[in-house]
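>>> Generate a structure from the sequence data that follows.
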Amino acid sequence: MPGADALTLRLPAEPATPSLVRRRVRGWLEVHQWPDDAVDDVILAVHEAVANVVDHAYAPGVDGQVVLTATLVPDGRERRVRIVVQDSGRWRSPPADPGYRGRGLQMVRSCMDVVDIRRGTDSRGGTDLVMLTPAVAAAPGRRVLTAGVRRSDPGLLGRVRRMRARARVVAGLAVRLLAAARRLRARRRRGSPPPAPQSSQHPAGLQAR
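Residues are numbered from 1 along each chain as shown. From the prediction side, this is the model:
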């Protein structure tokens, strides 16, 4: 259930999966009152970890699976989330120059306090990517702080919320650009031509993404 202390997702390793995982994890974090300014880093790390499985864990034509588990971890007066992304494919060491779209693990490490890559044995195979978020305040403390801001300066809370909303928009655009780059890369690997640009003379044919 969404409000539980742990979230488990088992999904096919296909291009649409990172987007679905982002939505599910964001909703779970919001239920647990995770600070808005910390949510986007978690979502970006999760997106990159899952997309890495989709792109690299399985050979072409193999129907693989990605499993994500997120667990709340109390840490004194603070709390963290421990996230594990698992696959049953094969590990491939990153090249010396990974290129623009080969830096997913670097982005994960920039967003997380702890990142541990656990490769399976020859018999089990697969890879576990274990992540631990930076610590944030416990939920009750965050509610008290918000109430104090509201009493001391009624306009400050609104400004903070607008700034956070803008930050979420920017992060969302970045994730969409990364996803578009992955799709283009996948088409090139399959030898499919890129989609033709839509004419500006037919705005009615455009679809929101």
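>>> switch to C-alpha atoms for all contacts and neighbour counts from now on
OK.
>>> And the closest residue to Pro12 other than its chain neighbours, how close does it get to Val85?
In space, and not counting its chain neighbours, Pro12 is closest to Gln65: 4.4 Å by CA to CA, 6 or more residues apart in numbering. Per CA to CA, to the nearest Å, Gln65 is found 11 Å from Val85.
>>> So those two - more neighbours on which side?
Between Gln65 and Val85, Val85 has the larger neighbour count (other CA atoms under 10 Å), namely 23 against 19.
>>> Contact partners for that one?
49-50, 66-69, 128-130 (CA atoms under 8 Å, 6 or more residues apart in numbering).
>>> Wait, a strand at it?
Yes - assignment of Val85 by DSSP: H, G, I helix; E, B strand; the rest coil places it within a strand.
>>> now it, nearest residue through space, not along the chain?
Using CA to CA, 6+ apart and skipping the chain neighbours, the partner closest in space to Val85 is Leu68 (4.5 Å).
>>> Verify the stated contact: Asp63 with Pro12.
Yes - between Asp63 and Pro12 there is a contact at 7.2 Å, judged by CA atoms under 8 Å.
>>> so what's the residue nearest to Val85 up against?
7-10, 83-86.
>>> Apply 6 Å and report the result again.
For Leu68, the contact set (CA atoms under 6 Å, 6 or more residues apart in numbering) comprises 8-9, 84-85.
>>> Can you mark which positions in the strand or helix carrying Val42 are buried?
Assessed by DSSP states H and E, Val42 sits inside helix 36-52. By neighbour count on 16 or more other CA atoms under 10 Å, the buried set for helix 36-52 is 39-52.
>>> what's that helix packed up against?
On a contact count with 3 or more CA pairs under 6 Å, 6 or more residues apart in numbering; DSSP states H and E, helix 36-52 meets helix 17-31, helix 104-111.
>>> Helix 17-31 and that one, what's the angle between them?
150 degrees (axes from the mean of the first three to the mean of the last three CA atoms, to 10 degrees).
>>> and the direction of helix 36-52 versus that of helix 104-111, what angle?
Angle of helix 36-52 versus helix 104-111, following the same axes, to 10 degrees, is 160 degrees.
>>> any idea which helix or strand comes after helix 36-52?
Next along from helix 36-52, by DSSP H and E: strand 65-75.
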